[in-house]
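Undergrad: below are the sequence and a predicted model for it; my questions follow.
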Amino acid sequence: MTQILQDPQAQVQSQPSLTHYLWVCTTCGSQWVNGKREGVSQGEILLEKLRSQPLNPQLKLKPVACMSGCSHACVIGLAALTKTTYIFGDLDPEKDVDSILKTAELYLTKSDGILPWAERPLKKGVIARIPPIEIE
């Protein structure tokens with residue numbers, strides 16, 4: 001039997017320890033020679049820059065081997081159970097770290113995960129806005 005939550009947002013608000021993920025594609029912006037990756041990718045640079053910043057304990061920084069956004073490197077995602085997931089691309093590891101972190105902080109405050117354009121610091125690069133998965 002399938003059980004659909006009456007109010008998924010109420011459950012999110014009642015779970016202060018809900019884990020939020022900031023995914024970072026580590027193969028984005030890689031240099032390839034004869035089918036092999038060489039050197040440090042732009043995604044790895046972005047990941048290290050994000051790791052060097054203080055993070056909210058509710059935000060888990062998670063490297064991902066590939067997010068299939070190669071034409072939009074660098075790619076990140078923001079996700080949490082019962083929230084809308086966002087995928088952003090065309091990010092610059094030298095310029096966008098502050099906007100990424102401020103957008104992630106805003107995401108933490110949104111019970112449904114929706115980040116209105118006018119409110120979010122990261123204005124560019126939305127690749128996808130994926131609706132939340134219903135808990136069954």
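TA: Great, that's in hand.
Undergrad: what pairs with the strand or helix carrying residue 79, parallel or antiparallel?
TA: For residue 79, the host element (DSSP states H and E) is strand 76-80. Strand 76-80 has its sheet partners listed here by DSSP bridges as strand 20-25 (antiparallel), strand 85-88 (antiparallel).
Undergrad: how far out from the middle of the chain is the first one?
TA: This points to strand 20-25. 4 Å (CA atoms, centre = their mean, to the nearest Å).
Undergrad: kindly export that strand (C-alpha atoms) in PDB.
TA: Coordinates of each C-alpha in strand 20-25 appear next as PDB, following Å, rounded to 0.1, in the frame of the first residue of the first chain:
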ATOM      1  CA  HIS A  20      21.000  18.600   2.800                       C
ATOM      2  CA  TYR A  21      23.500  17.700   0.100                       C
ATOM      3  CA  LEU A  22      25.700  19.900  -2.000                       C
ATOM      4  CA  TRP A  23      26.900  17.600  -4.800                       C
ATOM      5  CA  VAL A  24      30.000  18.700  -6.800                       C
ATOM      6  CA  CYS A  25      31.000  17.000 -10.000                       C
END
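Undergrad: what is the mean pLDDT for it?
TA: When pLDDT is averaged along strand 20-25, the result is 96.
Undergrad: for it, which positions count as buried?
TA: Within strand 20-25, the residues scored as buried using 16 or more other CB atoms under 10 Å are 20, 21, 22, 23, 24, 25. Yep, even glycine has a C-beta here, placed from its N, CA and C like the rest.
Undergrad: widest-spaced pair of the residues you listed?
TA: Taking every pair in those and measuring CB to CB, the maximum separation is 17.5 Å, between 20 and 25.
Undergrad: dump the residue contacts of residue 90.
TA: Residues touching residue 90, when contacts are defined by CB atoms under 8 Å, 6 or more residues apart in numbering, comprise 72, 73, 74, 124, 125.
Undergrad: apart from its chain neighbours, what residue comes closest to the first one?
TA: So the one you mean is residue 72. Spatial nearest neighbour of residue 72, excluding adjacent residues (CB to CB, 6 or more residues apart in numbering): residue 89 at 2.9 Å.
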